[in-house]
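J.: sequence first, then the predicted structure, then my questions.
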Amino acid sequence: MSHQADLGIKRTGFRFLDVDAQPFSLVERQRDVVRIADFLNSATRLGSCLLAGMKSGVFLERDGILNLVRMERQHPVSPLRAEDFYLNGDAWKPLRRLQQAGYLLIATTNQPEISSGLLPRQELERMHDLLRQRFHLDDILVCPHSADDRCPCRKPKAGLLKEAAFKWHLDLAHSFVVSDKWYDADAAHNTGCLSIIIRAPWNGAGHHDMIVPSLAAAADKILQLQPMPAASDATPSQASVPEGTGVMV
Ligand SMILES: [Zn+2]
């Protein structure tokens, strides 16, 4: 049975990542070289972090990366019912490779429809139960607020990443953000993570470190940059998380 069949993926009426496969531009390649050089120059710090028990993580945007999205007026729309929540079967293999390399996998997502009442929390929990079961994610962090709430966790703010770093003892300087949206790249930039953007028409403008055509290519980049030893004690901190940050579901 294929992974896709195993995951029970239904694609009818949905699109995932309207990605073109154009090669990187020269500017993107130059940016890659600079950022990768900076990253590798900190290898000695990585060694001390490993000795200190710190881990590296891969932060994954949820909508469009882990689950399929419905398109409206050429923009992705988050599902509001568990019945409309379809996993991205192409994510299974890259995520498994990253897990086997020792990375913690943490999904992050802005879900302002919780705050507006359009998305019942019970529906969100049903969706995330499915995500955890099929992709074996270590954590899922949610900002339930609207832009008007001015919370510290709505991406591009860095609250969700900082919360995860505290909870899981992550070294953010050796962690990655994978997304198809500008605001995740901004959050990465604000915390020192390396951002890898999967090319899509709605990427948006702004800072990003690398751009790739697929999640599989993002996993390749991560594994090329920083092979990690297998983690054996990935447990969250017992300390309470800082107040005023995101909601864990
Ligand atoms: Zn928030």
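T.: Alright, I've got the coordinates. Here the structure is a predicted model, which means the values were calculated and not measured.
J.: what parts of the protein come near the ion?
T.: Within the chain, the positions adjacent to the ion are 143, 145, 151, 153, 154 by CB under 5 Å from the ion. Heads up, the C-betas are built off the backbone N, CA and C, glycines and all.
J.: pretty sure the last one is in a helix, no?
T.: No. Residue 154 is assigned coil when assessed by DSSP: H, G, I helix; E, B strand; the rest coil, not a helix.
J.: how many neighbours does the closest residue in space to it that isn't next to it in sequence have?
T.: Once flanking residues are discounted, residue 154 sits nearest to residue 143: 4.5 Å by CB to CB, 6 or more residues apart in numbering. Per other CB atoms under 10 Å, the neighbour tally for residue 143 reads 24.
J.: does the closest residue to residue 84 other than its chain neighbours lie in a helix or a strand, and which?
T.: The spatial neighbour of residue 84 that comes closest, neighbours along the chain excluded (CB to CB, 6+ apart), is residue 70 at 7.3 Å. Per DSSP states H and E: residue 70 is located in strand 70-72.
J.: going along the chain, name the helices of the chain.
T.: Under the criterion DSSP state H, the chain carries helices at the ranges 3-6, 26-41, 43-51, 92-100, 112-116, 121-135, 159-168, 182-191, 215-225.
J.: quick revisit: and the residues of the chain next to the ion as CSV, adding distance to residue 113 and pLDDT?
T.: Rendered in CSV, the data for these read as follows (distance: CB to CB, whole Å; pLDDT from 0 to 100):
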residue, distance to residue 113, pLDDT
143, 11, 98
145, 11, 98
151, 15, 97
153, 15, 97
154, 13, 97
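J.: out of those residues, which comes closest to residue 78?
T.: Comparing the residues of the chain next to the ion against residue 78 with CB to CB places residue 143 closest, at 12.3 Å.
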